[in-house]
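# fold the stuff below for me.
(one chain, ligands or ions: 1)
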Amino acid sequence: MVSETPQTPPAIDEQAITAAVEQALAAIAAAPDTAALKQVRIEHVGDRSVIATANAGIKDLPKDQRAAAGKLIGQGKGRVQKALAERQQELAAAEEEQALATEKVDVTLPTDRLPRGARHPLSLLTERLEDLFVGLGWEIAEGPEIEAEWFNFDALNFDVDHPARQMQDTFYVAPEGSGQVLRTHTSPVQARALLERGVPLYIACPGTTFRTDEPDATHSPVFHQVEGLAIDKGLTMANLVGTLDAIARTMFGEGAITRLRPSYFPFTEPSAEMDFRCFSCDAKLGTDRDASPDCRVCGGTGWIEMGGCGMVNPAVLRACGVDPEEYQGFAFGLGIERILMLRNGVEDMRDMAEGDVRFSQHYGTEI
Ligand code: FA5
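Coordinates of the predicted model:
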C-alpha cells in the first residue's frame, strides 16, 4: 500500500505584503523624476515583484483564505497604483515646467538668418542676350565645356603650332595626350552646330570658357562668351556689321559707340575685333586722345575690346561638310563679362566672381 504525504496548502504572508506595499510607497515618494519612477513601477508592481507574485499565488491558497488574501493584496496594489499615478503626474508637470523655462525662445532677439540670394547679373544678362537672338529668329545652341581639341582648334583651322594651343593659354585635361581641353572659346560650337544641324544655320551659343589668364580688371581665367554663327546663301560682311550694330543698340541704346578693327582669327577671313568706347574714363566724352592715360578699364586706349568676328573661313565650312561655293556666312564671339561691365559700369571684373549678394543687388537684379 502506498501512503500519500498530505500537501500543506501555502499560506499568505501578510507581513511581507504589507512591508512590500510600504516599501513601494516610499520608493514612489522618493523617485526624483519620471525615468526613476518607471524603474520603481517595474521593481514594485512588475511581474516579478512581491505584490505581483502574491497576487498570482491567491489561486493556490486554501479556499477559505482566498477572499482575505485577495482583499489585502488588492488594497495594497490599489494604494501603490494610485501613488504611482499621482507621482507620475507631479513629476511630469515639474519636468514640463523645467523644459519650458530652459527652452524658452526670446522672439525679441535679433535674427541671424542669412539674406535670400539673388540671381547673378551675368545669368540675367545671358538670358537677355538669348532673348535678343531669339528675337532675330536665331536658335540657341549648346556645347560641352570639356571639349575635344579637334573641335576647339583643328576644326577651326588652327595650325598645330598655333600659339593659342600652348599650355600657357589653354587648360589641358589630364592625362597628357587625352585630346581634351577646357574650351578656350565658344567657337567649337560653330563646328558642332554645322555638323549636327546643317545649313542654312543661324545659332547663338552663350557659355562658360576658360583660359590661363591672370585675373585683372578686365580678365578672368573663367569667363563667358556668346557665339553667333550665320551660314546661308549670299551672306556678306554687311550682314555681320548690321547684326553687331543691332546687338549694340539693343544692349546699350542708340548712343552706343562701336568700331571694327582688322584682326586675325584662323577660322574667319577677313577677321575683325569689335571695340566699344570706354565708359569709365574721359574717352566717353571725346576721341581716342581724350582717354585717361591711367584708366584701369581701357588701359588709356579709350576702347574696350568686346569680341572677335569675321566671315567664316571656307576651310571651316569644308571641314564640316559644307560647300563654301554655295554657302557663306559670318561669326562672332563676344565677352559677356565685358558687356556687363559696359552696361552697368562695373570697373573690375573680379567683383563679379566674389559671390557677394550685394553685388547682384547693387546692379539691379531681381531676387
Ligand atoms: C575669340 O575667343 C574668338 N573665338 C571670337 C570669334 C568668334 C572670332 C567668331 C571670330 C569669329 P578673343 O580671344 O578675342 O576671340 O575673345 C573674344 C572676347 O572674349 C574678348 O573680346 C573679350 O571680350 C572676351 N575675353 C577673352 N579673354 C577673356 C578673359 N580672360 N576674361 C574675360 N573676357 C575675356
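
# what helix or strand is Met341 on?
Using DSSP states H and E, Met341 falls within helix 336-344.

# tell me what whichever helix or strand comes after that helix is packed against?
Next along the chain after helix 336-344, taking DSSP H and E as the criterion, comes helix 357-362. Applying 3 or more Cβ pairs under 8 Å, 6 or more residues apart in numbering; DSSP states H and E, one finds that helix 357-362 contacts no other helix or strand. To be clear about C-beta, it is placed using only N, CA and C from the backbone, and glycine gets the same treatment.

# if I look at Asp60, how far off is Ala19?
21 Å (Cβ to Cβ, to the nearest Å).

# now do Ala99
Distance of Ala99 to Ala19, given as Cβ to Cβ: 37 Å.

# ok so, going back, neighbour count: Asp60 and Ala19, which is higher?
Neighbours per residue (other Cβ atoms under 10 Å) separate Asp60 from Ala19, with Ala19 holding more: 12 against 9.

# secondary structure element for that one?
Per DSSP H and E: helix 14-30 holds Ala19.

# buried ones in that helix?
Neighbour-count burial for helix 14-30 flags Ile17, Ala20, Val21, Gln23, Ala24, Leu25, Ala27, Ile28 (criterion: 16 or more other Cβ atoms under 10 Å).

# for burial, what's the neighbour tally of Ala92?
Ala92: 13 neighbours (other Cβ under 10 Å).

# got the residues of this structure near the ligand?
Counting by Cβ under 6 Å from any ligand atom, the chain comes close to the ligand at 185, 187, 211, 213, 219-220, 223, 225, 265, 268, 271, 305-310, 331-333, 335, 337-338.

# quick one: buried ones out of those?
For the residues of the chain next to the ligand, buried by 16+ other Cβ under 10 Å: 185, 187, 211, 220, 223, 225, 265, 268, 271, 305-310, 331-333, 335, 337-338.

# narrow those to those in strands?
223, 225, 265, 268, 271, 305-310, 331-333, 335 (DSSP state E).

# how near is Leu340 to Pro32?
67 Å.

# neighbour-wise, which of the two wins?
Using other Cβ under 10 Å as the criterion, Leu340 and Pro32 rank with Leu340 on top: 22 against 9.

# the nearest residue to the more buried one once chain neighbours are set aside is in what secondary structure piece?
Computed as Cβ to Cβ, 6 or more residues apart in numbering, the closest residue to Leu340 that is not its neighbour in sequence is Leu125, at 5.3 Å. Assigned by DSSP H and E, Leu125 falls within helix 121-135.

# could you give the mean pLDDT of the helix or strand following that helix?
Following helix 121-135 in sequence order, the next helix or strand is strand 139-140 (DSSP H and E). For strand 139-140, mean pLDDT rounds to 97.

# so what's the residue in the stretch 51-200 of the chain that the ligand sits nearest to up against?
Of all residues in the stretch 51-200 of the chain, the one sitting closest to the ligand is His185 (3.4 Å; Cβ to the nearest ligand atom). Taking Cβ atoms under 8 Å, 6 or more residues apart in numbering as the contact definition, His185 lies against Asn152, Thr209, Gln225, Glu227, Gly333.

# give me the phi and psi for the first one.
Spelled out, it's Asn152. Asn152 adopts backbone torsions of phi -70, psi -30, taken as degrees, to the nearest 10.

# per-residue confidence for it?
Note for Asn152: predicted pLDDT of 95.

# show me where the stretch 151-300 of the chain has its strands.
Using DSSP state E, counting those that start in this stretch, the strands of the stretch 151-300 of the chain run over 180-182, 201-210, 222-232, 258-265, 268-277.

# what packs against the shortest one?
The helices and strands touching strand 180-182, judged by 3+ Cβ pairs under 8 Å, 6+ apart, are strand 146-148, helix 149-152.

# quickly list what whatever residue of the stretch 251-367 of the chain ends up closest to the ligand is bridged to.
Using Cβ to the nearest ligand atom, the single residue of the stretch 251-367 of the chain nearest to the ligand is Gly335, 2.2 Å away. Beta-bridge pairing of Gly335, defined through DSSP bridges, involves Gln225.

# so who does Ala31 touch?
Leu37, Gln39, Val40, Arg87, Leu91.

# could those residues go into CSV alongside secondary structure?
Formatted as CSV, those follow (DSSP: H, G, I helix; E, B strand; the rest coil):
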residue, secondary structure
Leu37, helix
Gln39, helix
Val40, helix
Arg87, helix
Leu91, helix
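
# since we're on the nearest residue to Phe267 once chain neighbours are set aside, how many residues are nearby?
Excluding the flanking residues, the one nearest Phe267 by Cβ to Cβ, 6+ apart is Leu156, at 3.9 Å. A count of nearby residues for Leu156, using other Cβ under 10 Å, gives 25.
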